[in-house]
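Trainee: compute the structure for the input listed below.
(one chain, ligands or ions: 1)
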Amino acid sequence: MSAPAALDARELRQVLGSFVTGVTVITTVDAQGKPHGLTVNSFSSVSLDPPLILWSQSLTAPSHPVFRDAERFVVNILADDQVAISNQFARGKDDKFAGCAIDTGLGGVPLIRGSAAWLECKRMDCFRGGDHMVFLGQVERMQRSGRQPLVFGGGRYLVAQPHDLGSLLTESGPNIARLQAVRLATRAVVELSDEIDETIGLGVWGNHGPTIVRWEEAKEPVSDNLRTGLVLPVLTSGTGLAFAAWLPTEMTAPFIGEEAATDRAANRVPRTEGLEQRVAQFRAQGFVRLEGIEDFTELYGRSISVLTVPVFAPDGAMVFALTAIGASDRLDTSDQGKVLAGMRRCADTLTQRLRGTPALA
Ligand SMILES: Cc1cc2nc3c(=O)[nH]c(=O)nc-3n(C[C@H](O)[C@H](O)[C@H](O)COP(=O)(O)O)c2cc1C
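Mentor: Prediction:
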């Protein structure tokens, strides 16, 4: 049998770094009662019955002899505002506990205050795994604070965000659920713009009508004039027409009436003409397509095309409009194009996330 090819150490670190973890500080006391601790993300659960966990320590860590000889240790699962603590315990310093508020647990082992959770463990076993020592501990006492855990992945600290709204829709008021929904949609728009490399606007129905709450730019932005909070007309923007097609008429009618009145006052044919047939067509095809629009040349500096796809909440109400916008001679607005396909996929995913995943709830 031939030996496996040598792995590139940097690549190995990066590959392992794509597995996202929490961050812990493992603490103990030595025979003289002096506290020790180090930042560790190799922590993992092993067994529920008996309750076993593990973590591993580099054999070259200065504190290794202390942990090797210690009978007990505490796993302090850090909260998302404890990055400074994590950094403090990852440095080879002697006064790691300076300025760190602690409580004393079983066997005098320190518990770091403000953590998300604590596991007080008795060391059951330890065995060498290459250049690390794996410690197996049995959980004797545990506690949770309810704080959000700190997350680590790709060599960076991260924050955890729910993947979907889940029970939040029913557990909190409609405003909190709406804020969470915007957060989810914002993330989806970032993913979508990365995937199709087009400028995407996230539109909501605000108290002034169709409003863009987030722009995500393509590598080659359509304009440097993209403003958050931009209020668009109902009758001439993709976002506006999508809301006109899918929101209840009583919500959009006052805005449409005003725009028609402005047209009449300026002796223009009101753009409400043929509106019924147009929105019926948008509803039938499931999206809005506008090509070669000159109305916004002041804003974008050129003729533009847009594709707008509605996003529906689980109850069927339209909550967002996703709009791809680009120069008319560039944006692929075709039925079979990757832009429309990506936007439809994104809208469906968002509806799923707004619903929550019952299997995970
Ligand atoms: C996020 C993070 C995770 C870490 N995970 C581990 C680990 O699982 N095992 C380990 O031995 N060192 C780990 N380290 C490095 C130690 O925290 C660091 O080497 C520390 O200085 C060792 O403590 P000592 O010098 O008191 O022995 C990690 C560091 C960071 C920042």
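
Trainee: wait, what's in contact with the residue of the stretch 201-350 of the chain found nearest the ligand?
Mentor: Closest residue of the stretch 201-350 of the chain to the ligand, C-beta to the nearest ligand atom: E216 (29.7 Å). Bear in mind the C-beta positions are built from the backbone N, C-alpha and C, glycine included. The contact partners of E216, by C-beta atoms under 8 Å, 6 or more residues apart in numbering, come to 189-190, 192-193, 199-200, 202.

Trainee: same check on L230?
Mentor: L230 makes contact with 201, 211-212, according to C-beta under 8 Å, 6+ apart.

Trainee: hmm, try it at 6 Å
Mentor: I212 (C-beta atoms under 6 Å, 6 or more residues apart in numbering).

Trainee: the one 3 residues further on now?
Mentor: By C-beta under 6 Å, 6+ apart, the contact list for P233 reads 240, 259.

Trainee: please repeat the previous calculation with a cut-off of 8 Å.
Mentor: When contacts are counted by C-beta under 8 Å, 6+ apart, P233 touches 209-210, 240, 259, 295.

Trainee: please apply the same query to N76.
Mentor: Contacts for N76 (C-beta under 8 Å, 6+ apart) come out as 24-27, 37, 111-112, 115, 118.

Trainee: in strands only, show me the contacts of P233.
Mentor: 209-210 (DSSP state E).

Trainee: quick revisit: tell me the buried residues within the contacts of E216.
Mentor: Buried by 16 or more other C-beta atoms under 10 Å: 189, 192-193, 199-200, 202, out of the contacts of E216.

Trainee: now tabulate these in CSV and tack on secondary structure and pLDDT.
Mentor: Below are these laid out as CSV (DSSP: H, G, I helix; E, B strand; the rest coil; pLDDT from 0 to 100):
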residue, secondary structure, pLDDT
V189, helix, 92
L192, helix, 92
S193, helix, 91
T199, strand, 93
I200, strand, 95
L202, strand, 95
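
Trainee: give me the beta-bridge partners of the residue of the stretch 201-350 of the chain closest to the ligand?
Mentor: When bridges are called by DSSP bridges, E216 pairs up with I200.

Trainee: just name the shakiest helix or strand of the protein by mean pLDDT.
Mentor: Of all helical and strand segments in the chain, the minimum by mean pLDDT, DSSP states H and E falls on helix 168-171, at a mean of 55.

Trainee: picking up where we left off before, could you turn the buried ones of the contacts of P233 into a PyMOL selection?
Mentor: Buried members of the contacts of P233, defined by 16+ other C-beta under 10 Å, are picked up in PyMOL with:
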select buried, resi 209+210+240+259
